[in-house]
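> below: sequence and its predicted model.
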Amino acid sequence: MTSTNSAPMKTREFLEVLADLVRQQLPPELSDFQTPSRVTSLIKLYYGQPSTHYEVWVQKRRKEVEVGLHFEADPESNFGQLEMLSQRSEEIRASLGPEFEIGEWDRGWTRAHETVPLEPLDDDFLVELSFKLSAMIRTLEPILRQDSG
């Protein structure tokens with residue numbers, strides 16, 4: 001029997017491959033996200049404004065990975081986005097699961113996210129997180145675009 005597991009990757013490589021994999025999983029109208037060139041323990045994917053971005057943050061000390069949508073502009077804009085997502089939380093959780101949280105965060109920032117236990121950074125975990133992130137983008141990005149349109 002052949003194992004599908006590869007050797008664990010370094011965090012930077014894992015996150016760069018994750019972004020490429022997510023891009024392949026999205027429809028053309030959602031595959032044009034940008035990523036900053038500097039990747040460390042987290043990667044941000046954004047459309048237009050970097051202050052609103054999808055983020056995957058590998059937190060080795062806490063043994064968890066956060067997969068989420070962050071609003072890191074001014075508090076008024078952030079809370080407006082939070083309110084808009086909160087009004088559709090039932091629909092969002094039906095799509096993304098009951099563990100998906102929408103709420104306030106730090107420094108007037110807000111986020112919609114899920115935290116998953118950290119596993120070895122191998123192909124299996126890469127695929128799992130890519131499906132989670134691409135589902136999040138397919139669910140949330142049309143809501144954001146509808147609200148801003």
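Thanks, I have the structure now.
> run through this protein and note the low-pLDDT ranges.
Within the chain, the stretches with pLDDT under 70 are 1-5, 147-149.
> ok, which stretches of this structure are helices?
All helices of the chain, identified by DSSP state H, fall at 11-25, 75-87, 89-96, 123-148.
> got TSV for those, with distance to residue 59 and mean neighbour count too?
C-beta: built from backbone N, CA, C; applies to glycine. Converted to TSV, the helices of the chain look like this (distance: least, CB to CB, whole Å; neighbours: other CB atoms under 10 Å):
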stretch	distance to residue 59	mean neighbour count
helix 11-25	10	17
helix 75-87	22	16
helix 89-96	20	14
helix 123-148	13	17
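> these: which one's closest to residue 69?
helix 123-148 (5.4 Å; CB to CB).
> what helices or strands is the closest one leaning on?
helix 11-25, strand 52-59, strand 64-71, helix 75-87, helix 89-96, strand 110-117 (3 or more CB pairs under 8 Å, 6 or more residues apart in numbering; DSSP states H and E).
> among those, which is nearest residue 140?
strand 64-71 (5.4 Å).
> what residues does stretch 92-105 touch?
Residues from elsewhere that reach stretch 92-105 (CB atoms under 8 Å, 6 or more residues apart in numbering): 70, 79, 82, 85-86, 89, 110-115, 135-136, 139-140, 143.
> about what we covered before: could the helices of the chain be laid out in JSON lines, adding distance to residue 48?
Output for the helices of the chain, formatted as JSON lines (distance: least, CB to CB, whole Å):
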{"stretch": "helix 11-25", "distance to residue 48": "16"}
{"stretch": "helix 75-87", "distance to residue 48": "13"}
{"stretch": "helix 89-96", "distance to residue 48": "21"}
{"stretch": "helix 123-148", "distance to residue 48": "9"}
